[in-house]
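Novice: My questions concern the predicted model and sequence given below.
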Amino acid sequence: MATTIEVPVEVLRAFNHWIGFFQELWWGEVPLKMHERGLDESGSPQWHPEFSRWLFAEPAQRYDVVAHETADQRLRTTRAFRRLRRKAPREFDVLYLMVARKPPMGLREVSEALTARAIRNDKPERYNEEAVLMLAISGLDKTMRWW
């Protein structure tokens, strides 16, 4: 018999807010690499996929603050995620797929991806959406404290 975990609405609201916050920091700044090595159909240098994605994104999807503030916040985010990777690798895996992956994954996609990886690597772990949510909330709490 499976038990369900009830998460307070305030926790879920905070979770959604902080996931969105970290996604904006992760993806909102201008990518550093503009061009690929090859040429496009017209003979011009080919844009890097990340730059092209940023360039053609809706203006509301771009993180629009002063460059030095963005750089500082991006550095803080990177450091917090690196620390999470060292201290809590499973929680890092969940948050990385939800924040840094483009397009970001939801709970179901993350649980399927982690379960598929566990099967592929002959590991006994199997993940459901509730387990992923608990790992995400725990990882987000740690990341917020370290940020």
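Specialist: Alright, I've got the coordinates. Numbers count the residues shown, from 1 in each chain.

Novice: how about low-confidence regions in this structure?
Specialist: Residues of the chain that meet the criterion pLDDT under 70 lie in 1-3, 28-32, 54, 57-71.

Novice: again, 90 this time
Specialist: In the predicted model of the chain, residues 1-9, 11-12, 14-16, 18-80, 99-106, 144-147 satisfy pLDDT under 90.

Novice: what residue is smack in the middle of it?
Specialist: In the chain, the centroid-proximal residue (CA atoms, centre = their mean) is V99; its distance is 1.4 Å.

Novice: Can you show me the helices along the protein?
Specialist: Here the chain has its helices, by DSSP state H, at 9-28, 49-55, 67-87, 89-99, 107-120, 129-146.

Novice: Give me the neighbour count for M105.
Specialist: Counted with other CB atoms under 10 Å, the neighbours of M105 add up to 19. Quick note: C-beta positions are derived from backbone N, CA and C, even for glycine.

Novice: scratch that, E6 is what I was asking about
Specialist: If we define neighbours as other CB under 10 Å, then E6 has 5 of them.

Novice: Next: Q46.
Specialist: Per other CB under 10 Å, the neighbour tally for Q46 reads 14.

Novice: Equivalent analysis for the one 4 residues further on, please.
Specialist: A count of neighbours around E50, defined by other CB under 10 Å, yields 15.

Novice: circling back: as a markdown table, the helices of the chain with distance to M34 would be great.
Specialist: Output for the helices of the chain, formatted as a markdown table (distance: least, CB to CB, whole Å):
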| stretch | distance to M34 |
| --- | --- |
| helix 9-28 | 16 |
| helix 49-55 | 5 |
| helix 67-87 | 16 |
| helix 89-99 | 24 |
| helix 107-120 | 30 |
| helix 129-146 | 29 |
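
Novice: closest one to E36 among the ones you listed?
Specialist: Closest to E36 of those is helix 49-55 (CB to CB; 8.0 Å).
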